[in-house]
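Undergrad: Here is a sequence together with a model predicted from it:
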Amino acid sequence: DAKTTQPPSMDCAEGRAANLPCNHSTISGNEYVYWYRQIHSQGPQYIIHGLKNNETNEMASLIITEDRKSSTLILPHATLRDTAVYYCIVRVQLNAGNNRKLIWGLGTSLAVNP
Amino acid sequence: DAGVIQSPRHEVTEMGQEVTLRCKPISGHDYLFWYRQTMMRGLELLIYFNNNVPIDDSGMPEDRFSAKMPNASFSTLKIQPSEPRDSAVYFCASSWGGKSSDTQYFGPGTRLTVL
């Protein structure tokens, strides 16, 4: 079962910031939060990930609350090409070794409007 | 690098036929994942391999599904016999498990239709 909850859909005006929320209230201390997106008819694409600290890269920023129970993905200047389904995912540890897997939910369908 | 390569891109078959999906991961990656995506159930992890060894196959729906990874550059997902409810897009992904990051890179997917 998915360990995250996201709104099913959101809208954003082109050029504005898109803020996509995610709740992961049952996350454990060593579990990372990952964000991927899937543009129609393509495979999912990695965006960003984090554990405790806020993270930023060329695509987006990730803000994680201090209690780690929720996070927000920020696309600073959304474009029409950012229209996609955005997945907030928790990476869980399977055992004491190096084996982990991503637990996917249903994501948020973001529509960027002109 | 060409990225993750999957073949075929589209497959239409009749119920009861055997279907084989193929995947070539990114060179140097030591993890390979098979996913299935449908409108009703979203993206589901079927099985994944680490260094060619299956680690977690708890997502494989039933005995009709099997996956192999004979070497680091090739994997197959086989459905025998196929059923209409197997119709979905099947994605293969690979990653490098070093350090704390295991960003998965996805292939373009195989759209399977079972009539």
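TA: Right, received. Where do you want to start?
Undergrad: Would you confirm that B:Arg22 contacts B:Gln6?
TA: Yes - taking contacts as Cβ atoms under 8 Å, B:Arg22 lies within contact range of B:Gln6: 6.7 Å. The C-beta positions use only the backbone N, C-alpha and C, and glycine is treated the same way.
Undergrad: More neighbours: which of these two?
TA: Each of B:Arg22 and B:Gln6 had its neighbours counted (other Cβ atoms under 10 Å in any protein chain shown), and the higher figure belongs to B:Gln6 (22 against 16).
Undergrad: Setting aside sequence neighbours, what's the nearest residue to the more buried one?
TA: Counting by Cβ to Cβ, 6 or more residues apart in numbering or on different chains, B:Gln6 lies nearest to B:Gly107, which is 4.0 Å off, once chain neighbours are set aside.
Undergrad: swap in B:Gln80?
TA: Computed as Cβ to Cβ, 6+ apart, the closest residue to B:Gln80 that is not its neighbour in sequence is B:Glu18, at 4.2 Å.
Undergrad: Mind checking if the biggest strand by length in chain A is in reach of chain B?
TA: In terms of residue count, the longest strand belonging to chain A (DSSP state E) is strand A:84-93. Yes - using Cβ under 8 Å from any Cβ of the partner chain, strand A:84-93 comes into contact with chain B via A:87, A:91.
Undergrad: Please compute how far that strand lies from its chain's middle.
TA: The gap between where strand A:84-93 is centred and where its chain is centred comes out at 6 Å by Cα atoms, centre = their mean, to the nearest Å.
Undergrad: Just after the helix or strand of chain A at the bottom of the mean pLDDT ranking, pick out the following helix or strand.
TA: Across the helices and strands of chain A, mean pLDDT, DSSP states H and E gives its lowest value to strand A:100-103, namely a mean of 80. Tracing the chain past strand A:100-103, the next element assigned as helix or strand by DSSP states H and E is strand A:108-113.
Undergrad: partners of that following strand, with directions?
TA: For strand A:108-113, the pairing partners within the sheet under DSSP bridges are strand A:9-13 (parallel), strand A:84-93 (antiparallel).
Undergrad: if you compare those strands, which one is most tucked away?
TA: The densest packing among the strands paired with strand A:108-113, expressed as mean neighbour count by mean count of other Cβ atoms under 10 Å in any protein chain shown, is seen in strand A:84-93 with a mean of 21.
Undergrad: Report the backbone C-alpha coordinates of that one in CSV.
TA: Coordinates of each C-alpha in strand A:84-93 appear next as CSV, following Å, rounded to 0.1, in the frame of the first residue of the first chain:
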residue,chain,number,x,y,z
ALA,A,84,2.0,15.7,-16.1
VAL,A,85,1.1,13.3,-13.2
TYR,A,86,3.4,14.0,-10.2
TYR,A,87,4.1,11.1,-7.9
CYS,A,88,5.3,11.5,-4.3
ILE,A,89,6.9,8.3,-3.2
VAL,A,90,8.4,6.8,-0.1
ARG,A,91,11.4,4.6,-0.4
VAL,A,92,11.3,1.8,2.0
GLN,A,93,14.1,-0.5,3.2
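Undergrad: Many thanks, have a good one.
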